[in-house]
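Enquirer: Here's a sequence, model it:
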Amino acid sequence: MAQSRRVEKVAALIRKEMSLLLLNGLRDHRISSTMITITGVEVSGDLQHCKIFVSIFGNSNQKNEVFSELEASQIFLKGELGRRLQMRRAPEVVFKLDRGMEKGTSVLDLLGQLEDERKTKNSTLTDKPASF
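Expert: Numbering: from 1, shown residues only. Reported below is the predicted structural model:
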């Protein structure tokens, strides 16, 4: 029980520090000029591995470019996390692209299309004269 609270606390600290690092710590203009959201952090029970889920705003080329830059800066970010969190051994950082927001907007678009189709079907049914 105490172990899971520690893991959750470390995950929250990693999320906070990684947000600060992405805002101020990296000098790459592609990363600093793009809106990046950390949607989740998963830390293993032994605190040696960390998955950071990010959502990147932009077109697909821009997303791929920024994500590759994030992957290239993993070693630097691991070192900075170790210094900032004052951990004996910093966890291995792995970035994962979270496509949940994209899926959410596509579902909303589909629901809107279904609503439009329902309205057009109802209007065509009410336009027909009743035959008795």
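Enquirer: measure residue 43 to residue 36 for me?
Expert: To residue 36, residue 43 is 19 Å away according to C-beta to C-beta, to the nearest Å. For glycine as for every other residue, the C-beta is placed from the backbone atoms N, C-alpha and C.
Enquirer: what does residue 121 give?
Expert: 42 Å.
Enquirer: Pull out the buried residues from the lowest-mean-pLDDT helix or strand in the chain.
Expert: Lowest on mean pLDDT, DSSP states H and E among the helices and strands of the chain sits helix 29-32, with a mean of 74. Neighbour-count burial for helix 29-32, counted by 16 or more other C-beta atoms under 10 Å, picks out residue 31.
Enquirer: who does that helix touch, helix- and strand-wise?
Expert: Counting contacts by 3 or more C-beta pairs under 8 Å, 6 or more residues apart in numbering; DSSP states H and E, helix 29-32 packs against helix 60-72.
Enquirer: Does anything pack onto the helix it packs on? Which helices or strands?
Expert: Counting by 3+ C-beta pairs under 8 Å, 6+ apart, helix 60-72 packs on helix 29-32, strand 49-56, strand 92-97.
Enquirer: Other residues contacting it?
Expert: Outside helix 60-72, the residues within contact range by C-beta atoms under 8 Å, 6 or more residues apart in numbering are 28, 30, 31, 34, 36, 54, 56, 58, 95, 97.
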